[in-house]
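Enquirer: Here's my sequence, what's the structure:
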Amino acid sequence: MPFHLHFDESDLLRCRFALSPLWETQQAVRTLLRPGNHGYHEPWLRRIRSAAAGLDLGPLWSLMPKSGHNPDFLCPPPIGPYASFEEEIAGVRAIDPQLIQEDLALTLADRPGALDSPAGRAMLDDPARAQRELSALLEQAWRVLVEPDWPRLRALLEADIAYHSRRLAAVGFARLLGELSPQLSWADSTLTLVGMRGRHSRVLGGQGLVLMPSVFAWPDVVSGYEPPYQPAVIYPARGIGGLWTEPADRTPQTLARLLGRARADVLCMLDEPAGTSALAHRLGLAPSSVSEHLSVLRAAGLLTSRRYGHQVLYERTPLGIALAVEPEKTHPG
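Expert: Now for the predicted structure:
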């Protein structure tokens, strides 16, 4: 059955975009567990496989049922649009153990036999210990699975937020929701999400809603969070199809001869808006070199730039888009 989020006027005033390195971490752990979610992430999975084998992810996987309640305390809605992992994990460690015990009980109840298992009883009998152990495991997973690629992931997520913020201004909230995912629709002050298992409705009650793009949520749209957490909708970020593609795989040879390999790689990497440091990380170039290439490309009319949050994002102009498309992919006439 569809999941419904019911808004009033005060909720509409409290809607915001955010991104969360903690969410991406727990969702990366979930991706390892679910082969059906590998899809676009096969290059990442091949690269981290040996390192991931050294992590004992069993305690986290035991709290990730395919359907039913997942513990909110493992990845509460981000406290701000640019919260760091360190800030978010500190928030997890500060949650009242009583709230964690209640959260764990809801999750274990959705797994047959889990409430009466030795591991389940141990977590419920000592939620503070479970809190320490699970947050430590999340921190290990962050260091191994996500942090090495975080500049690349953050650039994609920030580009998604920048794009959809512009779309919000252009088309309004109701239409924007449908553009985030075909699973979302808006009517009569109610946001409907099709295809999510679990409970069927939630009245926001003035808390508003967090809209959060995610790299590892694909192919799902996720919503939920029980009180006292602010409700959220997590949707697949735009551009994940090219997330793990390396520059040499995507730069037309004719463009490389025209502009030079490094400059052409910079242009072709900008399928989504990105900043200098993220491009430098993805391309393996010095930030100063990337900055110089961006300046030349912008002066040539191939890029435009604007400030978003703490950085300047660059994106291709129509001319830049036309040049970055391989000739065999264009249509004659």
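Enquirer: Distance of the residue positioned nearest the centre of the chain relative to G208?
Expert: Among the residues of the chain, the one closest to the centroid is S214, at 1.8 Å (CA atoms, centre = their mean). For S214, the distance to G208 (CB to CB, to the nearest Å) stands at 19 Å. To be clear about C-beta, it is placed using only N, CA and C from the backbone, and glycine gets the same treatment.
Enquirer: Please apply the same query to P252.
Expert: For P252, the distance to G208 - CB to CB - is 45 Å.
Enquirer: Quick check: which helices or strands does the longest helix along the chain pack against?
Expert: Criterion DSSP state H: the longest helix present in the chain is helix 150-171. Packed against helix 150-171 by the contact rule (3 or more CB pairs under 8 Å, 6 or more residues apart in numbering; DSSP states H and E) you find strand 16-17, helix 21-33, helix 173-180, strand 210-214, helix 276-283, strand 303-308, strand 311-316.
Enquirer: wait, R132 sits on A94?
Expert: No. With contact defined as CB atoms under 8 Å, R132 does not reach A94; the gap is 12.0 Å.
Enquirer: Show me the strands in the stretch 51-200 of the chain, by range?
Expert: Assigned by DSSP state E, counting those that start in this stretch, the strands in the stretch 51-200 of the chain fall at 184-187, 190-193.
Enquirer: ok, for H38, nearest residue in space, not its chain neighbours?
Expert: L45 (6.0 Å; CB to CB, 6 or more residues apart in numbering).
Enquirer: Could you name the helices and strands sitting against the helix or strand that that neighbour is a member of?
Expert: Using DSSP states H and E, L45 sits in helix 42-52. Contacts defined by 3+ CB pairs under 8 Å, 6+ apart place helix 42-52 against helix 21-33.
Enquirer: Show me what the helix it packs on is in contact with.
Expert: By CB atoms under 8 Å, 6 or more residues apart in numbering, the residues outside helix 21-33 that reach it are 37-38, 41, 45, 52, 57, 60-61, 64, 74-75, 78, 83-85, 88-89, 92, 138, 141-142, 145-146, 150, 153-154, 212, 214-217, 234.
Enquirer: what's near enough to touch D56?
Expert: Per CB under 8 Å, 6+ apart, neighbours of D56: L137.
Enquirer: Roughly how far does it sit from L137?
Expert: 7 Å.
Enquirer: Equivalent analysis for A128, please.
Expert: 15 Å.
Enquirer: so where is the stretch 101-250 of the chain shaky, pLDDT-wise?
Expert: 196-199, 246-250 (pLDDT under 70).
Enquirer: how far off helix 21-33 does the helix holding L45 point, in degrees?
Expert: Here the directions of helix 42-52 and helix 21-33 differ by 90 degrees (axes from the mean of the first three to the mean of the last three CA atoms, to 10 degrees).
Enquirer: List the buried residues for helix 42-52?
Expert: By neighbour count with 16 or more other CB atoms under 10 Å, helix 42-52 contains the buried residues W44, L45, I48, A52.
Enquirer: repeat for stretch 252-270
Expert: So, applying 16+ other CB under 10 Å, buried residues of stretch 252-270: 252, 255-256, 259, 262-270.
Enquirer: neighbouring contacts of it?
Expert: With CB under 8 Å, 6+ apart as the criterion, stretch 252-270 contacts 247-248, 250-251, 279, 282-283, 285, 289-290, 293-294, 296-297, 302-303, 314-316, 320, 323-327.
Enquirer: Count residues in the vicinity of the nearest residue to E147 once chain neighbours are set aside, would you?
Expert: Distances taken as CB to CB, 6+ apart put F85 closest to E147, at 7.3 Å, once the chain neighbours are dropped. By other CB atoms under 10 Å, the residues close to F85 number 19.
Enquirer: give me the number of residues near R129?
Expert: 12.
Enquirer: Could I get the contacting residues of it?
Expert: A122.
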